[in-house]
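In: below is the sequence, then the predicted model.
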Amino acid sequence: MAKIIVVTSGKGGVGKTTTSASFATGLAQEGHSTVVIDFDVGLRNLDLIMGCERRVVYDFVNVINKEANLNQALIRDKRVENLSILPASQTRDKEALTEEGVGGVIKDLAERFEYVICDSPAGIEQGAIMAMRFADEAIVVTNPEVSSVRDSDRILGLLGSKTVRAENGSGPIKEHLVITRFDPTRANLGEMLSVEDIQELLAIPLLAVIPESESVLNASNLGAPVILDDDSRAGQAYSDCVKRFLGQDLPHRFLEVQKKGFMSRLLGR
Amino acid sequence: MGFLDIFKRKPKSAGIAKERLQILVSHERAERGAPSWLPDLKNDILEVIKKYVEVEQDAITVNLGRDSHREILELNIALPERDADGQIVGSTTAAAKVKLTSNTTASKANVATDTKANSPAVKNSPVSGGQQKPASGNTSASPNPAATNQATTTPSGTTQVDKTQGTQNQGTTTQGTKTQGIKSQGAKPQNGKNQASKNRQMRNAHTKKPTAKSPGAKT
């Protein structure tokens, strides 16, 4: 049976879509058939980050409304095998995501794929609730910043109350913390919440720390998930993240202040 | 900016951020999952108190918590302390904890009324301690009709009262409930090292805790 994983955060702009794209790509790279769904109806962006924006014909809402079938709406990734994208609708509103509709589509996807990644919109409204509704596991994306940590805590509360698993008592959702945009230099100076601070506040197991990296913007400019950039620290951190998720015991990298050499400065890594 | 300012160290902002978040997050967890009648209960209690004492709108906090086998209804009321001229010089906090045990064989309600003085004038206050106890006794019965007040405090109830923290111990028995003195308001929030696991438990159990908004912290 497929695993349904929601990537969520509450706050916007912390890296949900970046994480969803890289995490799904990483799972597919590891040989697992994976689909990533954009739940941000009206403000879809996963297609842009995945670089398939011009291949969108039908979307999630079309499938829910039975205006198209899954085969028509799913976009197969051209770089990585076993990876598909289900884009959000750009023209509807979040009310289009009904519980029956979303549940039905996820059920169908769960029969075809090993992992179903749900890229949640920001906020705590219909779209975000539907993205987490059927999840077995949750990746909570948090920046080392007060508003993000607060919103993540709020989201953790909702994961514990508004999900099918919470309601029918079929075991709690497994929660993972992914800290993004982490800057070890500033954390060392006491200018940024440390990894330990955030872990203590949110009290969920740490899956990965993604360092602040210029390569993330480069990747989104190109429409290629940053995990495909093997040379970048963020890409490597996401790669570790996926492997750790799949059970490998890897130490957390990029937590120490990195001494920048002349060449790495020049190359912007 | 003077020359010497260069050598002054700014306070670490991350530490402040963490402190602020700890307070905020625990407060918000407390509000999460609260029953819909809690704000109404709070307003009603406030109206009753206002009949007798002049109190601020935010002088009362009502929290509903839960541990493994019972619900805890916690009331904190900040009563203003005035000097001879009627000037407010401080406040006295009257706190009541009502534990509602939901059990099929026997229902119990343990009431522990605590008073905590933030001002040395507490003994002269006409509204501290004793007068609050009957009110808390009544509160105990209302959310759980099956609850019966017990004359003795059960061992589990006793553990809630921290005798070491206070200076007074009031052993008055009111309305068939044994009341015990003094529990520091700060006793419950997390100070320990196992905070991570505590945080988690708190979130999952929607436990209510006294926080920055509790009257004790206001004075």
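Out: Everything's here; your move.

In: helices or strands next to the helix or strand hosting A:Ile129 in the packing?
Out: Assigning secondary structure by DSSP states H and E places A:Ile129 in helix A:126-133. Helices and strands touching helix A:126-133, as assessed by 3 or more CB pairs under 8 Å, 6 or more residues apart in numbering or on different chains; DSSP states H and E, comprise strand A:3-8, helix A:99-112, strand A:115-119, helix A:146-159. C-beta: built from backbone N, CA, C; applies to glycine.

In: give me that answer again for 10 Å
Out: Using 3 or more CB pairs under 10 Å, 6 or more residues apart in numbering or on different chains; DSSP states H and E as the contact criterion, the elements in contact with helix A:126-133 are strand A:3-8, strand A:34-38, helix A:99-112, strand A:115-119, helix A:146-159, helix A:164-168.

In: which intervals of the chain have sub-threshold pLDDT?
Out: Unless you meant another one, I'm taking chain A. Applying pLDDT under 70 to chain A flags residues A:260, A:263-269.

In: ah, I was thinking of chain B
Out: In the prediction, chain B carries residues with pLDDT under 70 at positions B:1-11, B:33, B:66, B:82-84, B:86-219.

In: just the closest residue of it to chain A, please.
Out: Going by CB to the nearest CB, chain A is nearest to B:Lys12 of chain B, at 3.2 Å.

In: wait, A:Glu212 sits on A:Glu145?
Out: No - in terms of CB atoms under 10 Å, A:Glu212 does not count as a neighbour of A:Glu145; the distance is 11.5 Å.

In: shared neighbours of those two, anything?
Out: Residues touching both A:Glu212 and A:Glu145 by CB atoms under 10 Å, 6 or more residues apart in numbering or on different chains: A:Arg181, A:Met192.

In: re earlier: what's the angle between the helix holding A:Ile129 and strand A:115-119?
Out: Our comparison of helix A:126-133 with strand A:115-119, counting by axes from the mean of the first three to the mean of the last three CA atoms, to 10 degrees, yields an angle of 160 degrees.

In: buried ones in the helix or strand just after helix A:126-133?
Out: Past helix A:126-133, further along toward the C-terminus, the next helix or strand under DSSP H and E is strand A:137-142. The neighbour-count check on strand A:137-142 (16 or more other CB atoms under 10 Å in any protein chain shown) flags A:Glu137, A:Ala138, A:Ile139, A:Val140, A:Val141, A:Thr142 as buried.

In: what sits against the first one?
Out: This means A:Glu137. Contact criterion CB under 10 Å, 6+ apart gives A:3-6, A:115, A:159, A:165, A:173-176, A:207, A:245 as the residues in contact with A:Glu137.

In: same list, the residues you listed, but as CSV with neighbour count and distance to A:Glu53 please.
Out: Conversion of these to CSV gives the following (neighbours: other CB atoms under 10 Å in any protein chain shown; distance: CB to CB, whole Å):
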residue, neighbour count, distance to A:Glu53
A:Lys3, 18, 27
A:Ile4, 26, 25
A:Ile5, 25, 23
A:Val6, 30, 23
A:Tyr115, 25, 23
A:Leu159, 24, 30
A:Arg165, 21, 33
A:Ile173, 21, 31
A:Lys174, 16, 32
A:Glu175, 23, 31
A:His176, 20, 28
A:Leu207, 20, 28
A:Phe245, 21, 27
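
In: near chain B, which of those residues show up?
Out: With respect to chain B, and counting by CB under 10 Å from any CB of the partner chain, the subset of these in contact is A:Leu159, A:Glu175.

In: for chain A, what lies in contact range of chain B?
Out: Residues of chain A lying close to chain B (CB under 10 Å from any CB) are A:144-147, A:149-150, A:152-154, A:156-161, A:166, A:172, A:175, A:186-194, A:196-205.

In: ok, back up a step: does the residue of chain B closest to chain A really touch A:Gly190, like I thought?
Out: Yes - checked against CB under 10 Å, the pair B:Lys12 and A:Gly190 is within contact range at 3.2 Å.

In: ok, these two, which is more surrounded?
Out: Each of B:Lys12 and A:Gly190 had its neighbours counted (other CB atoms under 10 Å in any protein chain shown), and the higher figure belongs to A:Gly190 (17 against 13).

In: look up which helix or strand the more buried one falls in, please.
Out: Counting by DSSP H and E, there is no helix or strand that carries A:Gly190.

In: by proximity to chain B, which residue of chain A wins?
Out: Each residue of chain A has a distance to chain B, by CB to the nearest CB, and the smallest belongs to A:Gly190, at 3.2 Å.

In: check the gap between A:Leu189 and B:Lys12 for me.
Out: Computed with CB to CB, to the nearest Å, the distance linking A:Leu189 and B:Lys12 is 8 Å.

In: and A:Ser152, by the same measure?
Out: From A:Ser152 to B:Lys12 the distance is 22 Å (CB to CB).

In: same thing with A:Val209?
Out: Noted for A:Val209: a distance of 20 Å to B:Lys12, by CB to CB.

In: for chain B, which helix is longest?
Out: With residue count as the measure and DSSP state H as the assignment, chain B has helix B:13-31 as its longest helix.

In: would you mark the buried spots in the following helix or strand past that one?
Out: Using DSSP H and E, the next helix or strand after helix B:13-31 towards the C-terminus is helix B:38-52. By neighbour count on 16+ other CB under 10 Å, the buried set for helix B:38-52 is B:Leu38, B:Leu41, B:Ile45, B:Leu46, B:Ile49.

In: could I have the CA atoms of helix B:38-52 written out in PDB?
Out: Listed in PDB are the C-alpha atoms of helix B:38-52, where the atom choice follows Å, rounded to 0.1, in the frame of the first residue of the first chain:
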ATOM      1  CA  LEU B  38     -15.100  27.600  27.800                       C
ATOM      2  CA  PRO B  39     -15.300  31.300  26.800                       C
ATOM      3  CA  ASP B  40     -19.000  31.500  27.900                       C
ATOM      4  CA  LEU B  41     -18.100  29.900  31.200                       C
ATOM      5  CA  LYS B  42     -15.300  32.500  31.600                       C
ATOM      6  CA  ASN B  43     -17.600  35.400  30.900                       C
ATOM      7  CA  ASP B  44     -20.300  34.100  33.300                       C
ATOM      8  CA  ILE B  45     -17.700  33.700  36.100                       C
ATOM      9  CA  LEU B  46     -16.400  37.200  35.400                       C
ATOM     10  CA  GLU B  47     -19.900  38.700  35.600                       C
ATOM     11  CA  VAL B  48     -20.400  37.100  39.000                       C
ATOM     12  CA  ILE B  49     -17.100  38.400  40.300                       C
ATOM     13  CA  LYS B  50     -17.800  41.800  38.900                       C
ATOM     14  CA  LYS B  51     -20.900  42.100  41.100                       C
ATOM     15  CA  TYR B  52     -18.700  42.100  44.200                       C
END
